[in-house]
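Engineer: Fold the following, please.
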Amino acid sequence: MSALTVRQQCRSLLLAGLESIVDLLLDAAAEAQTDLLVVEDAVGRAILQMRPVLLEHSIELARLVSDRHYLCPDCREPLSPWGERKRRIVTSQGETNFKSVRYRCRKCGRDAYPLEEANGLDEGVFTTAAKAKVASEAADEAFIPASGELARIGLNVSAKQVDRLVAQVSGWHEADELSVLYEAFPNLRPKDHPAAAAPRLHEYADWPADSVGVVSVDGAKVRSPEVGPTGLEWFEVRCGMIGRHVNGDTTPECRMAGHLDADSMFVRLAAYHRTIRSMARVWAFVADGAPWIWERVPWLFPDAIAILDIYHAGEHVGVAAAAAFGPDQPTTKLWKAKARSMLLAQGGVRSIIKTLVACLREGRCVDRAGVERELRYLWTNRHRMRYAEYEAAGLPVGSGAMESTIKQVCTQRLRRAGMMWTREGADRMLRLRAAHLNGDLKATTMREHRRLQFKLESYRPIAA
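Structural biologist: Next up is the predicted model:
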């Protein structure tokens, strides 16, 4: 039977299946008269009813006109159809029936489902695109509300299924992350991991030649269901950000996150950075004063200008003033109010340190230990606090973009009222959430789909 004949038959069946739905829609519209709400509801029902019909006949046509001359991957003998059955599958456009054909090798007895394997249906009812659609919805909404929203468009997915699909799609993205990591740092690649060209995980817009790039990392707390001495335990997760600084504002362009230790976070972020570092004339690494950050910056971002977040530095200036002059003194209030302008002044941190040292020498400190502690902090970070020079060079002095990234990636999704996460669950969701905000899930899905489609090559004759 020719492809044209098959197409004509499918067209006839499709139109026959839609005819009754269209008749019901037109009847409802005629009865509604001036009530457009009734018409809108009828159209909504009709669309939901049409989807499975359109899907079933379109998928069947694609199956019938495809090359179905398969060879056994083991013994290279032809596979024969060995029975078929209808099964329910879930696509990105809704549920439908799918004719599943089992093939068998007459020589070795192997059973095969080539079409299912090439579309992710050999391990469940969800196509690759459906899995990505469910995961994308779950990146924005809790699993139960996400399940409800998906049902509105014809995807009936339980909260447990949402959880399982989130883990799977997040795993796809982690595999991509690891490919980039191993290409940037080959010495980290396990022996059993094949060497391959890493995908470009994020498509950056073209940056002007004089662009300033920004890198930052930070941590956040997520609540666990585990109970400790003081109640529910909290554990730390980490986020990283790469962005561009333009006209005084830093715009995050690529985010990454997970329940990662400091070294894992840094090497993954450094691997991302190595793929695009030529896009900016200069890079700045801006972060708060956490030691775990600054211990690693020189090793993995040696060419970036290290900048301590000015707002974080200003908080320490205020604490130092309270320790030196007293918490309620006018001088303390003045230092707290003008901490940023004091730091931005030429030689600002040096002047602050001199004043505090003088207080110590003259014995005028209200809290000597507190002043000494803050002096150590300011002295340790002084080379990251040349704020007047940074601003003159068009560099950022604050990590507001990183704070925004933490809020968008972590707080808005993982710290809603009553939410608790296992470490594995938080890691999966953070990776998925970051990819979703980056707009990278579609590319991740296409890479996974191409990988599955490539499975069909094992069923084809080997080209000469």
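Engineer: From what I see, Leu188 and Tyr182 are in contact.
Structural biologist: Yes - counting by CB atoms under 8 Å, Tyr182 is a contact partner of Leu188 at 6.1 Å. Bear in mind the C-beta positions are built from the backbone N, C-alpha and C, glycine included.
Engineer: Any idea how many residues pack against Ser264?
Structural biologist: The number of residues packed around Ser264, counting by other CB atoms under 10 Å, is 13.
Engineer: What of the one 3 residues further on?
Structural biologist: Look at Val267: counted by other CB under 10 Å, it has 17 neighbours.
Engineer: wait, what's in contact with it?
Structural biologist: 181, 185, 188, 300 (CB atoms under 8 Å, 6 or more residues apart in numbering).
Engineer: What residue spans form the domains of this protein?
Structural biologist: Following automatic domain parsing, one finds the domains of the chain at 1-66, 68-201+440-464, 212-309+398-439, 311-392.
Engineer: just how off-centre is the first one within its chain?
Structural biologist: The gap between the average C-alpha position of domain 1-66 and the chain average comes to 36 Å, counting by CA atoms, centre = their mean, to the nearest Å.
Engineer: ditto for the last one
Structural biologist: Using CA atoms, centre = their mean, we find the averaged C-alpha position of domain 311-392 to lie 39 Å away from the chain's own average C-alpha position.
Engineer: Quick one: end-to-end distance for that domain.
Structural biologist: Start to finish, the residues bounding domain 311-392 are 18 Å apart (CA to CA, to the nearest Å).
Engineer: What's the mean pLDDT across it?
Structural biologist: Over the span of domain 311-392, the pLDDT mean works out to 93.
Engineer: Tell me the span between the first and last residue of stretch 73-85.
Structural biologist: From the first residue to the last, stretch 73-85 extends over 23 Å; the measure is CA to CA.
Engineer: Low-confidence ranges, this protein, go.
Structural biologist: Within the chain, the set of residues satisfying pLDDT under 70 comprises 1-3, 195-202, 462-464.
Engineer: change it to 80
Structural biologist: Within the chain, the set of residues satisfying pLDDT under 80 comprises 1-4, 6, 67, 192-206, 209, 228, 230-231, 461-464.
Engineer: quick one on the thing from earlier: could you dump the contacts of Val267 to JSON lines with neighbour count and distance to Ala270?
Structural biologist: JSON lines is the format used below for these (neighbours: other CB atoms under 10 Å; distance: CB to CB, whole Å):
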{"residue": "Leu181", "neighbour count": "21", "distance to Ala270": "9"}
{"residue": "Phe185", "neighbour count": "15", "distance to Ala270": "8"}
{"residue": "Leu188", "neighbour count": "12", "distance to Ala270": "11"}
{"residue": "Leu300", "neighbour count": "18", "distance to Ala270": "4"}
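Engineer: could you dump these to TSV with secondary structure?
Structural biologist: Supplementary listing: the contacts of Val267 in TSV, determined by DSSP: H, G, I helix; E, B strand; the rest coil:
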residue	secondary structure
Leu181	helix
Phe185	coil
Leu188	helix
Leu300	helix
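Engineer: For Gly154, give me its contacts.
Structural biologist: Shown here is Gly154, whose contacts under the criterion CB under 8 Å, 6+ apart are 48, 51-52, 93-95.
Engineer: filter these to the buried ones?
Structural biologist: Among the contacts of Gly154, those classed as buried by 16 or more other CB atoms under 10 Å are 51-52, 93-95.
Engineer: Mark which of the residues you listed are part of strands, please.
Structural biologist: The strands, defined by DSSP state E, take in 94-95 from these.
Engineer: And the buried ones among the contacts of Gly154, which is closest to Arg274?
Structural biologist: Within those, distances to Arg274 taken as CB to CB reach their minimum at Gln93, with 38.9 Å.
Engineer: what's near enough to touch that closest one?
Structural biologist: When contacts are counted by CB under 8 Å, 6+ apart, Gln93 is found next to 51, 54-55, 154.
Engineer: Equivalent analysis for Gln49, please.
Structural biologist: Shown in contact with Gln49 (CB under 8 Å, 6+ apart): Ile21.
Engineer: Numbering from 10 from now on, please.
Structural biologist: Shifting the count to begin at 10 puts that one at Gln58.
Engineer: what separates it from Ile30, distance-wise?
Structural biologist: Distance, Gln58 to Ile30, by CB to CB, to the nearest Å: 5 Å.
Engineer: same check, this time on Leu446
Structural biologist: Using CB to CB, one obtains 38 Å as the distance from Leu446 to Ile30.
Engineer: Look at the two and report which has more neighbours.
Structural biologist: In this view Leu446 and Ile30 are compared by other CB under 10 Å, and Leu446 has more residues nearby, 20 against 16.
Engineer: helix or strand for Arg54, which one?
Structural biologist: For Arg54, the host element (DSSP states H and E) is helix 45-74.
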